[in-house]
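Enquirer: got a predicted structure here, sequence first:
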Amino acid sequence: MSSGPDAPSGARIAERARTVVPGGVNSGQRSIPGLTDLVVTGTGGARFRTADGREFTDFHAAFGPPLLGHNDPEVARAAAEAGARIGHMGVGVTEGEVQLAEQLVELIPSVEKVLLTSTGSEATFHALRVSRAATGRRLVVKFQGCYHGWHDSVSLNVISAPEKVGSHDPISTGILPEVLDATLVLPFNDSEAVRRAFAEHGHDIAAVIVEPVPHNVGALLPHQEFLTTLREETTRAGSVLVFDEVITGFRHDLGGWQSICGVTPDLTTLGKAIANGAPVGAIGGRADLMDLFSTRPGAPAFFAGTYNGHPSVVAAALATLRKLREEPVHAHVYRLGNRVRAELTALYARLGVPAVVTGHGSVFVSYFMPGPETPRTYDDLLANDASLFVGYRRKLLDHGLFELPLNLKRSHISYAHTDADVDRLLEGTEAAVKAVLA
Ligand code: PLP
């Protein structure tokens, strides 16, 4: 698309961005194939608008935060009011921070004490730091397909090419080899692999970190027995079990996946849906572990952050929690999610397209492969037809529908989506898949 004076304004702004912002966007995976000049000018509920005057019904939802829908008016009002009243002081504590901590302790089984960060990556970073501080050990275990943020210990083996599965596959250069060597990568849902790793390295494993439902590759539903094995092996070895509930927390249940599966980790990391889009993360867990964090230099685990507990963010989180507790948000998104999964499955069957539609609650994903009916391992996903997966999502853009056109990415339903939005998604998906296969 030309970027001269007559070009649509999106193209001109995107061109300016590419001149001064590396890659033209401020986070990996925001540059959208098929929509390179995407400049967002406004959002509301289930929709967003672009500088070119286009409107999309959004099933991507910013990688997951706006469970209530974009720019929820009550959340926005609460954040603005706190901003106008306090701004940000960065000393002492505000009552909002205390109220939010009290609610997280009340709602999430593993959380006895909690600290706020600005992002999920900071929360997972601190979970691993305090695990090493508590145990004096070196190794952490993560699972193929799980993403825990951008920091070095976990920046490996998320979406790996088939030939990279089973060996270290960093997502960035510039990471010290000894840092990568201190992370063991195991296959998700493979209890035997976990038992073997603990038999060999248990004495040196500080932490196991896991997305209890790996949503960073769509949705791999956990075997209950796998999560129980993680609990048993970490307890036996004296290692710390960390559930990274940055996606599953609040979205699937107010108590997180841990309250659905009944397995209580030692530490839990949170983010995204807590504040419906305001920049927040949290780490909570056993009081004895959390008490190792101190704001004093020289304490067992140092913890700090200029913007931690920012009043506007805290107010957004409190307003979000109020709505999640008082309104039938989960009932609504679960009902629409079940409808999407059932009707997409029927649609692909009618079209004769081998596909597996899976997910949980508000999260759904269509993999284009013959099976299994419920994918459980990263290896299962290697059969997905990536060109159809990305191709139909690019075609969806022509129908004003947005599911992120990148391989294996999940989609989300919010409280703001309606049955009519789901009808449009089903019609658009049929047309988009037919167009790719034509
Ligand atoms: N953990 C999980 C499970 C995530 O999905 C993400 C982000 O997508 C993170 C951690 C990192 O969160 P943030 O992007 O807020 O740093």
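Expert: Structure's in. What do you need?
Enquirer: only C-alpha atoms for contact and neighbour calcs from this point on.
Expert: Will do.
Enquirer: the ligand contacts on this structure?
Expert: Applying C-alpha under 6 Å from any ligand atom, we find that the chain lies next to the ligand at 119, 120, 121, 147, 148, 149, 211, 216, 244, 246, 247.
Enquirer: and of these, the nearest to residue 70?
Expert: Nearest to residue 70 among the residues of the chain next to the ligand is residue 247, at 16.4 Å by C-alpha to C-alpha.
Enquirer: what residues does that closest one make contact with?
Expert: Counting by C-alpha atoms under 8 Å, 6 or more residues apart in numbering, residue 247 makes contact with 64, 215, 270, 271, 272, 273.
Enquirer: picking up where we left off before, okay, and which of the residues of the chain next to the ligand map to helices?
Expert: 120, 121 (DSSP state H).
Enquirer: between the residues of the chain next to the ligand, which is nearest residue 432?
Expert: residue 216 (23.5 Å).
Enquirer: buried subset of the residues of the chain next to the ligand, written for PyMOL?
Expert: Typed into PyMOL, the line below selects the buried ones among the residues of the chain next to the ligand, using 16 or more other C-alpha atoms under 10 Å:
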select buried, resi 119+120+121+147+148+149+211+216+244+246+247
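Enquirer: restricted to strands, list the residues of the chain next to the ligand.
Expert: Judged by DSSP state E, the subset of those located in strands is residue 244.
Enquirer: and the helices in the stretch 201-350 of the chain?
Expert: Here the stretch 201-350 of the chain has its helices, by DSSP state H, counting those that start in this stretch, at 224-237, 256-261, 287-290, 311-326, 329-351.
Enquirer: got the buried residues for the shortest one?
Expert: In other words, helix 287-290. Neighbour-count burial for helix 287-290 flags 289, 290 (criterion: 16+ other C-alpha under 10 Å).
Enquirer: of the contacts of residue 247 - the most surrounded one?
Expert: residue 271 (31 neighbours; other C-alpha atoms under 10 Å).
Enquirer: what are the pairing partners of the helix or strand bottoming out on mean pLDDT in the chain, and which direction each?
Expert: Every helix and strand in the chain was compared by mean pLDDT, DSSP states H and E; the lowest is strand 293-294, with a mean of 86. Strand 293-294 has its sheet partners listed here by DSSP bridges as strand 301-302 (parallel).
Enquirer: what separates the partner strand from the chain centre, distance-wise?
Expert: Relative to the chain's own centre, strand 301-302 is displaced by 25 Å; criterion: C-alpha atoms, centre = their mean, to the nearest Å.
Enquirer: on that earlier part again, okay if I get the contacts of residue 247 as CSV plus pLDDT?
Expert: Listed next are those as CSV, based on pLDDT from 0 to 100:
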residue, pLDDT
64, 96
215, 98
270, 98
271, 98
272, 97
273, 97
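Enquirer: can I get those in CSV including distance to residue 383?
Expert: Below are the contacts of residue 247 laid out as CSV (distance: C-alpha to C-alpha, whole Å):
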residue, distance to residue 383
64, 25
215, 17
270, 31
271, 31
272, 30
273, 31
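Enquirer: inside strands: which ones of these?
Expert: The strands, defined by DSSP E, take in residue 270 from the contacts of residue 247.
Enquirer: winner for burial among the helices of the stretch 201-350 of the chain?
Expert: Of the helices of the stretch 201-350 of the chain, the one with the most neighbours on average (mean count of other C-alpha atoms under 10 Å) is helix 311-326, at a mean of 22.
Enquirer: what angle do that one and helix 329-351 make?
Expert: The directions of helix 311-326 and helix 329-351 differ by 80 degrees, with axes from the mean of the first three to the mean of the last three C-alpha atoms, to 10 degrees as the criterion.
Enquirer: other SSEs contacting helix 311-326?
Expert: Under the contact criterion of 3 or more C-alpha pairs under 8 Å, 6 or more residues apart in numbering; DSSP states H and E, helix 311-326 touches helix 73-85, helix 95-107.
Enquirer: contacts for that helix, please.
Expert: 68, 74-76, 78-83, 86-88, 94, 96-97, 99-100, 254, 274-276, 278-280, 329-330.
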